[in-house]
Structures are given as structure tokens and as C-alpha cells.
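Undergrad: take a look and give me a structure for this.
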Amino acid sequence: MNPDPSSGSTLGSALWFLSEVAFKWIPGTVMTVAGTGVPTAAGEPVSPLATPITTAVSAPQVVQYLQLASAPGTYDKFFQQWSTFVAFSLLVTLCLSALVIYCSIRVFQIRQTERRRFYQARHSVIAQDIPKTQLRWNRILDQIGSDSEQSWRLAILEADIMLNELLDVMGYKGETMADKMRTIDRASFNSIDLAWEAHKIRNKIAHDGSAHQLTLREARRVVTLYEKVLKDARYIE
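TA: Okay, here's the model as predicted:
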């Protein structure tokens, strides 16, 4: 019987080539483990214990082995359905390859999501609140740019609140804002004098009320002091 089940067609030749590659080494390992030996050129199996496999097993030898080891009629049936078997195997391989590619893409997407979450987790609450802080500061600038003295006062009070929040974030403790600033090391907080000056004016505005006359020039100067302190601490941009 012709050992080449795909002769006479281009597709058959391609399938036979694939079978040559697929059965280059695997059959030899299988026959060694199974104890059936390697077929010789005459078709007689040799004991693997006597002649270990040292060379590659060719496709014709595999066919001869199947002829010897198969039950009557099994090899003929296998011979007739070989092309179908290879086509089905290729289809299964393509499906499995597509599944592997899909799983790889999904794993990559999950890893990307995890990296984004880890990146967000590494950032402190301060960093996440900077945009909100900047919006608050922009509102202060709008108030200081108005023509209302009441708006100027509110701008200074709000700026002082932001300074107090900054001290809390930096870990300074105290019952009042003045207590917190007294614990500050000047070497680590270069703008502490500006903070003291701005806070003293804020206290006059808060305690004296309308009795403390506030001009636009003075209000802008005080807000500028707060701005320098907050920018030095990178609390606002």
C-alpha cells in the first residue's frame, strides 16, 4: 500500500509535509515509551533496549509502524480519512490559537487596569485633591478681583483656611493655627514669615470686623502672601 496518502494533489502534498514535520521526533519517543521499537527498513521492529533511538524518525517509518501495530482494517480506515483528520486538526489548532490570543489580550488589559489602579493608590490624597484646591484658589482670585470689600474679606479668610489645611496635611499639630505654626522648623518651611504676616492680618479682619478698614491694595498684598506660601508647598500651581 502506498504510504503517501496525499499524493497527486497540491493540498495533499501540503498536508503530507505538515505530517512529516509533526511526526519527526514525537513518534520515536512514543514508540520508545510504549516499547514497540523503531521500525527498520524491512519493517521489522527492533527492541528499544537493544537499539536506542539516536536518529530522527521519518514519516514512512511511522506509516510502517502503524501498519504493523494497527488491527486489520484500522490502518485502511485511517489512510482513507487522513486528510479529514489533518483538516480537523488544523481547525482545532486555529480555534485554540484564537483562544490563546484572546486570553493574552484580556490578560494584557487586566494588567493595564491593575497598573492604573496601583498608580492611583501610590498617589496620596494630597495629590488627588490638588485640582480641587486649585479651583478653590481660582475662586479666591475671582473674589479679590471684585469691587466688593466683603468679597476681599472672604477671599482672605478662605486663603487662611487653605493654609490651615496645608499645615494639617504636612503633619503639624496644635489646637489653633498659631500653635501649628510655632512647631514649624524654619529650615523646612522657608515661607513661614510670610504665613505669619498674612495670618495676623486675617486675625484682625476676623476679630475687628468692619472696624478694620481694608483696601484693595492691602487685600491683594495679603492674598499674594498666601499664594507664595501655598505655591512653595506645591499646594497650588
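
Undergrad: helices and strands around the longest helix seen in the chain, which ones?
TA: Counting residues, the longest helix found in the chain (DSSP state H) is helix 82-122. Contacts defined by 3 or more CB pairs under 8 Å, 6 or more residues apart in numbering; DSSP states H and E place helix 82-122 against helix 10-22. Every residue, glycine included, has its C-beta placed from N, CA and C.

Undergrad: now the helices for this structure?
TA: Under DSSP H, the chain gives helices at 10-22, 26-34, 59-69, 74-80, 82-122, 125-144, 149-169, 177-182, 192-208, 216-232.

Undergrad: redo those as CSV? Include mean pLDDT and mean neighbour count.
TA: Below are the helices of the chain laid out as CSV (pLDDT from 0 to 100; neighbours: other CB atoms under 10 Å):
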stretch, mean pLDDT, mean neighbour count
helix 10-22, 63, 14
helix 26-34, 53, 15
helix 59-69, 67, 18
helix 74-80, 68, 13
helix 82-122, 86, 11
helix 125-144, 77, 14
helix 149-169, 92, 19
helix 177-182, 91, 16
helix 192-208, 91, 16
helix 216-232, 93, 18
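
Undergrad: what residues go with each domain of the protein?
TA: The chain breaks down by automatic domain parsing into domains covering 10-80, 125-232.

Undergrad: end-to-end on stretch 167-180?
TA: Using CA to CA, to the nearest Å, one end of stretch 167-180 lies 7 Å from the other.

Undergrad: cool, and stretch 186-198?
TA: Start-to-end, stretch 186-198 (CA to CA) is 16 Å.

Undergrad: same check, this time on stretch 165-181
TA: Note: stretch 165-181 ends 12 Å apart using CA to CA.

Undergrad: and residue 185, how far is that from residue 170?
TA: 11 Å (CB to CB, to the nearest Å).

Undergrad: pick out whichever of the two has more residues nearby.
TA: Shown here are residue 185 and residue 170; by other CB atoms under 10 Å, residue 170 has more neighbours (14 against 8).

Undergrad: next up, the contacts around the more buried one.
TA: Contacts of residue 170 were listed using CB atoms under 8 Å, 6 or more residues apart in numbering, and they are residue 233.

Undergrad: distance of it relative to residue 189?
TA: Residue 170 is 8 Å from residue 189, by CB to CB.

Undergrad: same thing with residue 227?
TA: For residue 227, the distance to residue 189 - CB to CB - is 16 Å.

Undergrad: same check, this time on residue 154
TA: In terms of CB to CB, residue 154 sits 26 Å off from residue 189.

Undergrad: which neighbours do residue 170 and residue 189 have in common?
TA: Common neighbours of residue 170 and residue 189 (CB under 8 Å, 6+ apart) are residue 233.

Undergrad: torsion angles phi and psi at residue 171?
TA: Taking degrees, to the nearest 10, you get phi 90, psi 10 for the backbone angles of residue 171.

Undergrad: how many neighbours does it have?
TA: 8.

Undergrad: pLDDT at it, what is it?
TA: At residue 171, the model reports a pLDDT of 88.
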